[in-house]
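>>> got a predicted structure here, sequence first:
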Amino acid sequence: MIDVLDMIEEDGTSSEQRGDAKLLLKCMQSFEFIFILHLMKKVLSITHELSQALQRSDQDIVNAMKLVKMSKQKLQTIRDSGWDSLLDEVSLFCEHHEVVIPNMDDTYQTFKKSKRNSEKVSNLHYFQVQFFYQVIDRQLQELNNRFSEVNTELLLCIACLNPRDSFSAFDKKNLIRLAEFYPSKFSPVQLLELDSQLENYIVDVCSEDAFYELEGIGDLSIKMVETRRHIVYPLVYLLLKLSLILPVATATAERAFSAMKIIKTQLRNRMGDQWSGKALKEMARPNTSGNCPCIYFDNYCNDTIRVGGFFTTINNFSCDP
């Protein structure tokens, strides 16, 4: 890339193109650019396995939660004692490629043309506090927000429904705890009934050949309907339905908030709820003839869920015309 920019700087078709190439070269051959690349490489190397685990189709929740805990610990360790090693690594890279290394005690010099209102800080403060600490703190905050103790417990409880390896993840105590997260669906009497249903359920499915080699709770719910076990164990089947709906509801609501950023711009910030709702409805419609995920919410259209610190009602995102 450096060679290409050198060629454009020398042989560009216009002065504007040559000027842009020169500016890019100056930025890419700076200590700041190299520092950012090394910092992002270090951070992304920690969260890479977690990102891959969360995107896998098998949804190994237990191992994913272990990776969340490990990622938090490693990020915190880097924040507490990783600054010196990162600075040494960047400095060695700059020396090898003949890039100027700034004195950390000097005042930071910005690339911006106007320096009148820029804050006067040392290079050490700029790179360590405003970059190093801030990037890691935001990563930790994002992990803590998305995987709080309550969310983690909920996901681990859902994992106990997984039928893999002959229901090896089954844990009656955790499944009853999962039901307690839905007080409107499970009364105290139903929780007692669920306890006995779970004991009979696990003996039944483990002794039935039809339930062997199932890959996930989706397959389990289908098999329960096919064998009419959803009638025999209605409370267990309700837990399955709630577990299947949870990720779909969260993802759909997050997509709606992302679409809202496009629709409710600064020029449209006075748009009413009815108008914005219609606009979101059009954004949610698929380009093909497939059904929108909102069809899964027919029986839960009045439920309020929390997504990213906001409370939203699912029926706001209904795709009904």
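Here it is on my side, so go on. Numbering: from 1, shown residues only.

>>> SS state for Met104?
coil (DSSP: H, G, I helix; E, B strand; the rest coil).

>>> that one and Ser122 touch, don't they?
Yes: in this structure Met104 lies within contact range of Ser122 using CB atoms under 8 Å: 6.7 Å. Any C-beta I mention is one placed from the backbone N, CA and C, and that applies to glycine too.

>>> any residues in contact with both of these two?
Taking CB atoms under 8 Å, 6 or more residues apart in numbering as the contact rule, Met104 and Ser122 touch no residue in common.

>>> where does the residue nearest the centre of the chain land on pLDDT?
When the chain is reduced to its mean C-alpha position, the closest residue under CA atoms, centre = their mean turns out to be Arg146, at 6.8 Å. As summarised for this prediction, Arg146 has a pLDDT of 82.

>>> off-centre distance for the helix or strand where Lys72 lies?
Taking DSSP states H and E as the criterion, the element that holds Lys72 is helix 61-81. Here the centre of mass of C-alpha atoms in helix 61-81, compared against the chain's by CA atoms, centre = their mean, to the nearest Å, lies 15 Å away.

>>> counting contacts, what elements does it pack onto?
helix 31-55, helix 134-146, helix 149-159 (3 or more CB pairs under 8 Å, 6 or more residues apart in numbering; DSSP states H and E).

>>> how many neighbouring residues does Asp106 have?
Counted by other CB atoms under 10 Å, the residues lying close to Asp106 total 10.

>>> give me the nearest residue to it, chain neighbours excluded.
Among residues not flanking Asp106 along the chain, Asn123 sits closest, at 5.7 Å (CB to CB, 6 or more residues apart in numbering).

>>> so how far is Leu87 from that neighbour?
According to CB to CB, to the nearest Å, Asn123 stands 11 Å off from Leu87.

>>> three-state assignment of Val4?
In terms of secondary structure, Val4 is helix; the call rests on three-state DSSP.

>>> so what pLDDT did it get?
Predicted confidence (pLDDT) at Val4: the value is 71.

>>> can you count the residues close to Val68?
The local packing of Val68 (other CB under 10 Å) involves 21 other residues.

>>> that one against Thr152, yeah?
Yes: at 7.1 Å, Val68 and Thr152 qualify as touching, with contact defined as CB under 8 Å.

>>> report the rounded mean pLDDT for the helix holding Lys72.
88.

>>> show me what the following helix or strand past it packs onto, helices and strands only.
In the C-terminal direction, the helix or strand that comes right after helix 61-81 (DSSP H and E) is helix 83-96. Packing contacts for helix 83-96, counted by 3+ CB pairs under 8 Å, 6+ apart, involve helix 31-55.

>>> ok, back up a step: can you check which residues contact both of Val68 and Thr152?
Counting by CB under 8 Å, 6+ apart, no residue touches both Val68 and Thr152.

>>> could you chop this structure up by domain?
For the chain, automatic domain parsing gives the domain ranges 2-147, 162-243, 247-317.

>>> quick one on the thing from earlier: most tightly packed of the helices and strands packed on helix 61-81?
Most buried of the helices and strands packed on helix 61-81 by mean neighbour count (mean count of other CB atoms under 10 Å) is helix 149-159; its value is a mean of 17.

>>> buried sites along the helix or strand that that one is followed by?
The first helix or strand that comes after helix 149-159 along the chain, using DSSP H and E, is helix 164-167. Judged by neighbour count (16 or more other CB atoms under 10 Å), helix 164-167 contains these buried residues: Arg164, Phe167.

>>> follow-up on the earlier one: TSV for the helices and strands packed on helix 61-81, including distance to Tyr237?
Putting the helices and strands packed on helix 61-81 into TSV (distance: least, CB to CB, whole Å) gives the following:
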stretch	distance to Tyr237
helix 31-55	27
helix 134-146	28
helix 149-159	14
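
>>> ranking these by mean pLDDT, which is last?
Across those, helix 149-159 gives the lowest mean pLDDT, at a mean of 84.

>>> the inter-axis angle of that one versus helix 134-146?
50 degrees (axes from the mean of the first three to the mean of the last three CA atoms, to 10 degrees).

>>> so what touches helix 149-159?
Under CB under 8 Å, 6+ apart, the answer for helix 149-159 is 61-62, 64-65, 68, 169, 174-175, 177-178, 181, 217, 243, 246.

>>> and which of those is nearest to Leu75?
Top of the list for closeness to Leu75, among these and by CB to CB, is Val68 at 10.8 Å.

>>> which one is the closest one nearest to, not counting chain neighbours?
Closest residue to Val68 in three dimensions, ignoring its sequence neighbours and counting by CB to CB, 6+ apart: Phe147, at 4.8 Å.

>>> great, nothing more from me.
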